[in-house]
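Enquirer: sequence and predicted structure are below.
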Amino acid sequence: MRALTYHGTRDVRVENVPDPVLQDSDDIILRVTATAICGSDLHLYRGKMPGMEAGDILGHEFMGIVEDAGPDVVRIARGDRVVVPFVIACGTCFFCQLSEYAACQNTNPGGGAALNRKALTPPAALFGYSALYGGVPGGQAEYVRVPKANVGPLVIPDGLADEQVLFLSDILPTGYQAAINAGIKPGSTVAIFGAGPVGQMCAACCRMLGADRIFMVDHHPYRLEFARTTYGVHPIDFDEQDDPAEMIVQATAGRGVDASIEAVGFEAKGSTTETVLTAMKLEGSSGYALRQCIAATRRGGVVSIPGVYAGFIHAFLIGDAFDKGLTFRMGQTHVQRFMPELLQMIQEGRLAPEALITHRLPLDEAARGYAVFDEKREDCRKVVLTPA
Ligand SMILES: NC(=O)c1ccc[n+]([C@@H]2O[C@H](COP(=O)([O-])OP(=O)(O)OC[C@H]3O[C@@H](n4cnc5c(N)ncnc54)[C@H](O)[C@@H]3O)[C@@H](O)[C@H]2O)c1
Ligand SMILES: [Zn+2]
Ligand SMILES: [Zn+2]
């Protein structure tokens, strides 16, 4: 089959690889009908995640038709059309029973990314996300093996197009969990840092949950403009405004927003020193966007972090967070928990995540899709790939 494989920094190729086969009795083989490129894939593409090997198949946002199923698969059957969550969870362990699927202790033979883990079990395995997260082949391919098929895949009713539901696999639940973690309710004020696909889904969910004012910070005017016209955000371009947090504080009666959402991640731009130190591995992450979040949030407010972080940050202003009495919530999304309710919201017309899509490419042009999305060319917001 054809699949998008990793070969090193900014080197991905669509190649012929062996077809996946059933391994465990609760596996399915999925024929992929649509798959997307995520900002998380860009961290891999830029060579920033350890544990990647040449030939690894990428992709964790995908859907398709069940082609084959192991004997213990009972919740879905051959021929069903399903969306697959990017988190692989067993459904029965301590964490899965709490609906904390991203912490599942039974799916990841890797170690995860924590530096001081002690004897803890690693977090759940993820599709296409390096040996640290289980080394599970991803779904930017014609076919993919889906483990734990009784727990993850969600059957999609007829009448909904692939594009309407594909983002249930990751970025829609991620935006929703970030908004829930931020405590968004009618009348809330919120600042979203990052206007990529995740930031956009955060804006959509904050709007749906009744937020009053939504500030959004980025330096790509086309992304800010989409969020302004689609979700009614107040855009702030950090190339023009060098201290967005200060502006946000002034615009909220000198108080700050109820919550900030950090939808950028560890490669945040804005501090040359931290960017250089991170490249030299003397710093684990750039803390610039995180400091902006802390500064923009009111006393007693929440900082919600869907953006991926790794390692340590020296200039983390823990004293400011304590002084203000902030709450931090973060982590990989417990995708399985939110998929059914979000599907219903799509059916009711309350969410239309497909509006994000700007690029539709055949799988064979995936390498171009990565380059365009990475370099923010052609006003790219989100790339969807379709296997032939
Ligand atoms: N928690 C989860 O489960 C989960 C799921 C999906 C994605 N993610 C993470 O979310 C993050 C965003 O993903 P995406 O798909 O939107 O990626 P993206 O790279 O397309 O978007 C990131 C945006 O942040 C902007 N940015 C950079 N520095 C900034 C700064 N200092 N202030 C404000 N904006 C800044 C960039 O210009 C870009 O538009 C990534 O770290 C990704 O790995 C996490
Ligand atoms: Zn993703
Ligand atoms: Zn589990």
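Expert: Everything's here; your move. Ligands and ions are numbered 1, 2, ... in the order given.

Enquirer: contacts and neighbour counts: CA atoms only from here.
Expert: Will do.

Enquirer: and the spatially most central residue of the chain, backbone torsions?
Expert: The residue lying closest to the centre of the chain (Cα atoms, centre = their mean) is Ile171, at 4.8 Å. Main-chain torsions, Ile171, degrees, to the nearest 10: phi -70, psi -30.

Enquirer: contact partners for the nearest residue to Cys202 once chain neighbours are set aside?
Expert: Nearest residue to Cys202, sequence neighbours excluded (Cα to Cα, 6 or more residues apart in numbering): Gly175, at 4.0 Å. Contacts for Gly175 (Cα atoms under 8 Å, 6 or more residues apart in numbering) come out as 198-205, 306.

Enquirer: hmm, the residue nearest to the centre of the chain is touching Met201, no?
Expert: Yes - using Cα atoms under 8 Å, Ile171 is in contact with Met201, at 6.6 Å.

Enquirer: what's the pLDDT at the residue in the chain sticking out farthest from the centre?
Expert: Distance to the chain centre peaks in the chain at Ala253, reaching 32.5 Å (criterion: Cα atoms, centre = their mean). Here, the pLDDT recorded for Ala253 equals 97.

Enquirer: tell me which stretches of the stretch 101-250 of the chain form strands.
Expert: Applying DSSP state E, counting those that start in this stretch to the stretch 101-250 of the chain gives strands spanning 125-126, 143-146, 154-155, 189-193, 213-218, 234-237.

Enquirer: of all the ones you listed, which one comes closest to Val372?
Expert: Of all the strands of the stretch 101-250 of the chain, it is strand 213-218 that lies closest to Val372, at 17.8 Å by Cα to Cα.

Enquirer: the stretch 201-350 of the chain against ligand 1: which residues are in contact?
Expert: The stretch 201-350 of the chain comes close to ligand 1 at residues 217-220, 263-265, 268-270, 288-289, 306-308, 331-333, as judged by Cα under 6 Å from any ligand atom.

Enquirer: show me which of those residues are buried.
Expert: For those, a neighbour count by 16 or more other Cα atoms under 10 Å gives the buried set as 217-220, 263-265, 268-269, 288-289, 306-308, 331-333.

Enquirer: related to what we said a few turns ago, distance of the residue nearest to the centre of the chain relative to Glu142?
Expert: Distance of Ile171 to Glu142, given as Cα to Cα, to the nearest Å: 21 Å.

Enquirer: surely Met339 is in contact with Leu168?
Expert: Yes - using Cα under 8 Å, Met339 makes contact with Leu168 at a distance of 6.1 Å.

Enquirer: who's more crowded, those two?
Expert: Neighbour comparison, Met339 and Leu168: the larger count goes to Leu168, with 27 against 24 (by other Cα atoms under 10 Å).

Enquirer: and the pLDDT at that one?
Expert: With respect to pLDDT, Leu168 scores 98.

Enquirer: ligand 3 next: which of the contacts of Gly175 are close?
Expert: Applying Cα under 5 Å from the ion to the contacts of Gly175, one finds that nothing falls near ligand 3.

Enquirer: widest-spaced pair of those residues?
Expert: Checking the contacts of Gly175 with Cα to Cα, the most distant pair is Ala204 and Pro306, at 14.7 Å.

Enquirer: check contacts around Gly284.
Expert: 266, 278, 310-313.

Enquirer: closest to Cys293 out of those residues?
Expert: Of all the contacts of Gly284, Cys293 sits closest to Phe266, with 13.6 Å by Cα to Cα.

Enquirer: okay, now Met280: neighbour count?
Expert: If you count neighbours by other Cα under 10 Å, Met280 ends up with 10.

Enquirer: swap that for Arg368, sorry
Expert: Counted with other Cα under 10 Å, residues neighbouring Arg368 total 14.

Enquirer: that one belongs to a helix, doesn't it?
Expert: Yes - secondary structure assignment places Arg368 in a helix (DSSP: H, G, I helix; E, B strand; the rest coil).

Enquirer: how about stretch 25-34: buried residues?
Expert: Neighbour-count burial for stretch 25-34, counted by 16+ other Cα under 10 Å, picks out 26-34.

Enquirer: give me the pLDDT for the residue nearest to the centre of the chain.
Expert: 98.

Enquirer: related to what we said a few turns ago, what about the residue farthest from the centre of the chain, distance to ligand 1?
Expert: From Ala253 across to ligand 1, the span is 22 Å (Cα to the nearest ligand atom, to the nearest Å).

Enquirer: got the residues of the stretch 101-250 of the chain near ligand 3?
Expert: By Cα under 5 Å from the ion, the residues of the stretch 101-250 of the chain that approach ligand 3 are Cys104.

Enquirer: burial measure for the closest residue to the residue nearest to the centre of the chain other than its chain neighbours, as a count.
Expert: Nearest in space to Ile171, with sequence neighbours left out and distances taken as Cα to Cα, 6+ apart, is Val198 at 5.5 Å. As a burial measure, Val198 scores 27 neighbours (other Cα under 10 Å).

Enquirer: list the contacts for Val198?
Expert: Taking Cα under 8 Å, 6+ apart, we find Val198 in contact with 39, 171-172, 174-175, 263.

Enquirer: then Ile214?
Expert: Ile214 is in contact with 189-192, 203, 206-207, 232-234, counting by Cα under 8 Å, 6+ apart.

Enquirer: so how do I select the buried members of those in PyMOL?
Expert: PyMOL command restricting the contacts of Ile214 to the buried ones, with burial defined by 16+ other Cα under 10 Å:
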select buried, resi 189+190+191+192+203+206+207+232+233+234
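
Enquirer: returning to what we had before: list the contacts of the residue nearest to the centre of the chain.
Expert: Ile171 is in contact with 197-198, 201, counting by Cα under 8 Å, 6+ apart.
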